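> Need coordinates for the following:
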Amino acid sequence: SSTNHLASWIATFNDTFDILKDESKLNEESRVTYLRLSLKGAAYDVIAQLDDAEKKDFPTVRKRLLEAFADTPYAAYEKFKNRALLGDETADTFLADLRRLLSLVTTDTESDCATDLLAVQFANGLPESVRSEVKAMAGLIGVVENSPGREAAVCHEKMRNWRRMGSETAIIDLKWAYMQVDIEESLRPFQTVVYNGQRYVVTRMGFGLGPAPKIMDRIVEATLSQNEDVEAATDNFRDDVYMCTEKISTEEVRNHLLKYGLLSKEAEIVGNGNRVLGLQISRDKFHQLNWRRESKIVKEIDENITRRQLHSVCGQLRSHYPVLNWLRPACAYMQRCSAGTDWDEQVNSKVRNMLKQTIDRLKLSDPATGAWVVNNSTHGEVWTDASAIAIGVVIKIGGIVVEDSSRLRKPNDTSHINVAELDAAIDGINLAIDWNLSEIDLYIDSVTAYNWVTAVVKNSHRVHTKGQSRKLVARRLNVLANTIKQYKLTVRTHRVSTEQNIADALTRVPRGWINSSNSQSEVGDSVCIVIEDCGPSEIDDSVPIEIKDSVSMTCTTSKEELNRERVTELHRIAHQGAERTLELCNIDRVLEEPVTKQLIQDVCNDCIECNSIDPSPVVVESPMYSA
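Model prediction:
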């Protein structure tokens, strides 16, 4: 039988024998005896060839059986990448078999690369219905679907570390970084190229090799760790070495790298307009280090810009800059509004206008700038806010904004705004932990969320909530309490007004974008324009008179009917009455114009489900009786 079937059979046999052993006091040698009686053919021959001492040791017998029927590394890898969860198989069994197959491919199963590969295949092997949820919970989205996202996360971590290394710093870049990495002879056949009919072997690490950046990281990191003084004063990202010149000189670091065979360029003092992790660092008139955007802002927008080009422009504007203020939600909102369009198809005029307004505003003032040096204090301020559109977080250390964050809420997110405020508070605490802050001043502009968080922080009383979101609120408060306890944080809460909350800008987009963001509104407008341009008198005589007479009526009522249909759809989500329906209409992106309360009331009165509840919302007049 195949190896996985043999392994599962032995495991079942082992569990069964453990039960028999407890009941009948059988010894270990009996386990092998029963196993030999259960096998036949080639499996029995494997046991027969063992020494007498090995035949009595069950772990040795099991190991020899698995080795004898094991797959080759190539066959094991094919099975590994095609392995999926079977219908009646548990997740633990699936994961155990993946580990077994991976152990046949590589002996170093505990390395970061092997662990990531195991996690990726485990997520990919799950059913489609739960695959995306498991990836999101396990943090695998960046690993599985978008490797640049994972690189950006590493870059953010390095940037936080480098900004806390002081104002007197320098950066050293290696010469011919990848060309200094010699490939071991047994691995050189895997790097061959054919040019003009001649086969060549590449003896240095190739630039296009997938793991090349991580390999370079490990090499430089291991080299720097050979000297305690060098390791304490330096940090690296790929082939760039960032160092504090107050602790060690640049020549000492260069000589240390040369000692282990790494050639480097001349050190550059940070602050002369040079580039550090994609940011341009320079000194102001007060001799303070400041960062700003390195790339230039797009001056003109192509009228025929496609969705792919739009995402590219938004990616360049947003990139990995630590502070962007209002630009973060603006770029994310434009990308969302372009959804539904093919990647190489032109975006609609509404999205082009949004991009043009954003570029014009950037020309006046670019928010991608700030102080580079951050002190090593463990005290900081966390400002959080949430709206119907987005959730925003701002981190301040030493009185300066060091990083901000913003993420859009889902279009169909109907959760209460107070739940979103708690999400913002949790995001803020997590970002503060990334900055190694232990004393946090948390600023919230929601009275309810402030009272809830204060009760959890001070442990003053148990929070009691009502309504449909009470379980969601309790879950988030438990997460917040456990995070504070686990990381031993000291949190002080502060209530501020919306005008004072600096995170408010990260949750908003221009008001004119809200009602014009969906492409369906353009379809409605184009229908009305066609009808207006082509009245009943201009329609061909072959068209029936009934259709001619209905054209003018359709022109005037199409939008009203579309609005009423959309309001009806929103009301049917939960049938929660006129007030809740009005809230859903205010955050909806399909409605072309604000709806009236009378329209919402009419929709609620015409709803069959709402009229069927007891007591009925429809008042029935009492009959008049007379004697």
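> Dump the C-alpha coordinates for the strand or helix carrying D229 into CSV.
Per DSSP states H and E, D229 falls inside helix 228-233. What follows is helix 228-233, C-alpha atoms only, in CSV (Å, rounded to 0.1, in the frame of the first residue of the first chain):
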residue,chain,number,x,y,z
GLU,A,228,28.5,41.9,19.5
ASP,A,229,29.4,45.6,19.1
VAL,A,230,28.5,45.6,15.4
GLU,A,231,25.2,43.7,16.0
ALA,A,232,24.2,46.2,18.7
ALA,A,233,24.7,49.3,16.5
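> Show me what that helix is packed against.
With contacts taken as 3 or more C-beta pairs under 8 Å, 6 or more residues apart in numbering; DSSP states H and E, helix 228-233 sits against helix 250-259. Heads up, the C-betas are built off the backbone N, CA and C, glycines and all.
> one step back: which residues touch the next helix or strand after the helix holding D229?
Using DSSP H and E, the next helix or strand after helix 228-233 towards the C-terminus is strand 234-237. For strand 234-237, contacts defined as C-beta atoms under 8 Å, 6 or more residues apart in numbering pick out 154-155, 158, 161-162, 165, 217, 220-221, 224, 241-244, 248, 253, 277.
> Stretch 154-170 now?
Against stretch 154-170 from outside (C-beta under 8 Å, 6+ apart): 235, 237, 242-246, 250, 267-271, 276-279, 288-289, 320, 322, 372-376, 402-403, 434-435.
> now stretch 419-432
For stretch 419-432, contacts defined as C-beta under 8 Å, 6+ apart pick out 380, 382-387, 391-393, 395, 403, 405, 407, 409, 413, 440, 442, 444, 446, 448-449, 452-453, 469, 472-473, 476-477, 479-480, 483-484, 489, 491, 503.
> which of the residues in the strand or helix carrying I440 are buried?
Per DSSP H and E: I440 is located in strand 439-444. Neighbour counts over strand 439-444 (16 or more other C-beta atoms under 10 Å) mark I440, D441, L442, Y443, I444 as buried.
> In this structure the last one contacts T384, no?
Yes. Counting by C-beta atoms under 8 Å, I444 does reach T384; the two are 5.9 Å apart.
> if I look at K396, how far off is S349?
39 Å (C-beta to C-beta, to the nearest Å).
> swap that for A123, please
Distance of A123 to S349, computed by C-beta to C-beta: 40 Å.
> So between those two, which is more surrounded?
Comparing A123 with S349 by other C-beta atoms under 10 Å, the one with more neighbours is A123, at 22 against 11.
> Just the element for the more buried one, please.
Using DSSP H and E, A123 maps to helix 112-124.
> Run the chain-centre distance for that helix.
Relative to the mean C-alpha coordinate of its chain, helix 112-124 is positioned 17 Å out (C-alpha atoms, centre = their mean, to the nearest Å).
> helices or strands up against that helix?
Here helix 112-124 touches helix 91-105, helix 128-138, helix 141-144, going by 3+ C-beta pairs under 8 Å, 6+ apart.
> quick one: that helix to helix 91-105, angle?
With axes from the mean of the first three to the mean of the last three C-alpha atoms, to 10 degrees defining the directions, helix 112-124 sits at 140 degrees from helix 91-105.
> Restrict stretch 201-217 to CA atoms and write it as PDB.
C-alpha atoms of stretch 201-217 as PDB (Å, rounded to 0.1, in the frame of the first residue of the first chain):
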ATOM      1  CA  VAL A 201      26.100  27.300 -15.500                       C
ATOM      2  CA  VAL A 202      25.400  30.300 -13.300                       C
ATOM      3  CA  THR A 203      27.800  30.200 -10.300                       C
ATOM      4  CA  ARG A 204      26.300  33.200  -8.500                       C
ATOM      5  CA  MET A 205      22.800  33.600  -7.100                       C
ATOM      6  CA  GLY A 206      20.400  34.800  -9.800                       C
ATOM      7  CA  PHE A 207      18.500  38.100  -9.500                       C
ATOM      8  CA  GLY A 208      15.200  36.400 -10.500                       C
ATOM      9  CA  LEU A 209      15.400  33.600  -7.900                       C
ATOM     10  CA  GLY A 210      12.400  33.600  -5.700                       C
ATOM     11  CA  PRO A 211      14.100  33.200  -2.300                       C
ATOM     12  CA  ALA A 212      17.100  35.400  -3.300                       C
ATOM     13  CA  PRO A 213      16.000  38.500  -1.200                       C
ATOM     14  CA  LYS A 214      15.500  36.400   1.900                       C
ATOM     15  CA  ILE A 215      18.700  34.500   1.400                       C
ATOM     16  CA  MET A 216      20.500  37.800   1.200                       C
ATOM     17  CA  ASP A 217      18.800  39.000   4.400                       C
END
